[in-house]
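Novice: Requesting a structural model of the entry that follows:
(one chain, ligands or ions: 1)
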Amino acid sequence: MVSRSKLSLTLFFILSSALLTSGASDAGSPSECGPGSMGICYNKSEALRLKIIAIAAILITSMIGVCFPLFSRSVPLLQPNRDLFVLVKAFASGVILATGYMHVMPDSFDCLRSLCLPENPWRKFPFTTFVAMLSATITLMVDSFASSYYKKCCLDENVAGIVEPVNGAVDSENALHCHVRNNKRDEEATMQLLRNRIIAEVLEMGIIVHSIVIGLSLGASQNPCTIKPLVAALCFHQMFEGMGLGGCILQAEYGNKIKAIMVFFFSATTPFGIALGIALSHVYSDTSPTALIVVGLLNASSAGLLNYMALVDLLAHDFMGPKLQSSVKLQLWAYLAVLLGAGGMSLMAKWA
Ligand SMILES: [Zn+2]
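Specialist: Okay, the predicted model is just below:
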């Protein structure tokens, strides 16, 4: 687990350095597509004050959002086998679904169809949906290869371990049978837990792209009139998104240390993006061609990933699972929860 967090950390830095170089290399691009189109409301020191407030406020609200589902474990009504827990999970899945479709995908369209990019090829071919499609397929590939690999290695190992000592003893055939079945159930539970962990980690990676980009554009802005409402919107944005991610982290049943790392990692990304934006505000521009292409392609691949995971790994998996299939009433409530989560997150798309 720790090595995987290390991997995520490395990816995080690769991503941020990619953005950094993209900003720096295009410092001198022309006219309205270059850095610093200043409105009436241009005020550098006031903007900086607001950005520092934003860092603290977003850090705290993200933590509240992502921890909320985690602490819900201590509420008896929210134990995994209770109906309310299913609804919380459905709500979280709805949030993730809307993050992919309503936030990340449109952002990618905005970037890759921007007038600041050359008409050919960027507005001649739908790169966003092409990359999203590829990324969804790759996610499926990783998903299926990883699970068949684990199934093969772990099952073979276990079956060998069980059969050997009892082999030949005809009397204990029944016991063996029972043992194998129990073991298979354990195996399935372990597989499911492993899957949940992969889902939580991959989702965090997918969400992080969006979190950094929104932080970066806030940090690079020098306009207090647009920053003020944006800070409030981003606080809600991160709280909501945190609840979506928190629901998945909860299901992954990590130890406290890994949980804390994942909470910190999610909460710190937008503030990190803002800080990066402040540091680069004189060189980074949202509208420089390299920034547009890098951010657009990253957003497109994270959109494909989020859409696939929300639909297949979260929603379809739960709705087709035994718990929801056994009760139509619970299914209806769960759909309401999905719509609430997706609706709330969609509303946030108005601001960030
Ligand atoms: Zn957003």
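Novice: Can you tell me how far Lys51 is from Pro322?
Specialist: To Pro322, Lys51 is 49 Å away according to Cβ to Cβ, to the nearest Å. All C-beta atoms are positioned from the backbone trio N, CA, C, and that covers glycine.
Novice: Neighbour count for the two, which is higher?
Specialist: The neighbour comparison of Lys51 against Pro322 (other Cβ atoms under 10 Å) goes to Lys51, with 24 against 6.
Novice: who are the neighbours in contact with the residue nearest to Gly215 when sequence neighbours are not counted?
Specialist: Using Cβ to Cβ, 6 or more residues apart in numbering and skipping residues adjacent in sequence, the residue nearest Gly215 is Gly273, 2.2 Å away. By Cβ atoms under 8 Å, 6 or more residues apart in numbering, the contact list for Gly273 reads Ser211, Ile212, Val213, Ile214, Gly215, Leu216, Leu218, Gly219.
Novice: which among those gets closest to Ser108?
Specialist: Val213 (10.0 Å; Cβ to Cβ).
Novice: mind checking the SS state of that closest one?
Specialist: Using DSSP: H, G, I helix; E, B strand; the rest coil, the structure places Val213 in helix.
Novice: what secondary structure does the closest residue to it other than its chain neighbours sit in?
Specialist: Excluding its sequence neighbours, the residue lying closest to Val213 (Cβ to Cβ, 6+ apart) is Val295, at 5.5 Å. Look at Val295: counting by three-state DSSP, its state is helix.
Novice: List the buried residues in the strand or helix carrying Ile60.
Specialist: Here Ile60 sits within helix 44-71, counting by DSSP states H and E. Residues of helix 44-71 classed as buried: 46-48, 50-51, 54-55, 57-59, 61-70 (neighbour count, 16 or more other Cβ atoms under 10 Å).
Novice: residues in this protein within reach of the ion, list them.
Specialist: Residues of the chain found near the ion (Cβ under 5 Å from the ion) are His103, Ala352.
Novice: Lowest-scoring secondary structure element of the chain by mean pLDDT?
Specialist: Ranking every helix and strand in the chain by mean pLDDT, DSSP states H and E puts helix 2-25 at the bottom, with a mean of 47.
Novice: Neighbours of the residue in the stretch 51-200 of the chain positioned nearest to the ion, how many?
Specialist: Proximity of the stretch 51-200 of the chain to the ion (Cβ to the ion) peaks at His103, 3.4 Å away. Number of residues near His103 (other Cβ under 10 Å) recorded here: 25.
Novice: Next: Pro121.
Specialist: 9.
Novice: element containing it, please.
Specialist: Remark: Pro121 resides in helix 119-122, with elements defined by DSSP H and E.
Novice: Okay, buried residues for that helix please.
Specialist: Across helix 119-122, burial judged by 16+ other Cβ under 10 Å covers Trp122.
Novice: Stretch 190-198 now?
Specialist: Arg195, Asn196, Arg197, Ile198.
Novice: Now that stretch - C-alpha only, CSV.
Specialist: Provided in CSV are the C-alpha atoms of stretch 190-198 (Å, rounded to 0.1, in the frame of the first residue of the first chain):
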residue,chain,number,x,y,z
THR,A,190,-10.3,-10.5,-0.4
MET,A,191,-10.7,-9.9,-4.2
GLN,A,192,-13.5,-7.5,-3.5
LEU,A,193,-11.5,-5.6,-0.9
LEU,A,194,-8.5,-5.4,-3.3
ARG,A,195,-10.8,-4.1,-6.0
ASN,A,196,-12.3,-1.5,-3.7
ARG,A,197,-8.7,-0.4,-2.9
ILE,A,198,-7.7,-0.1,-6.5
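Novice: This completes my enquiry, with thanks.
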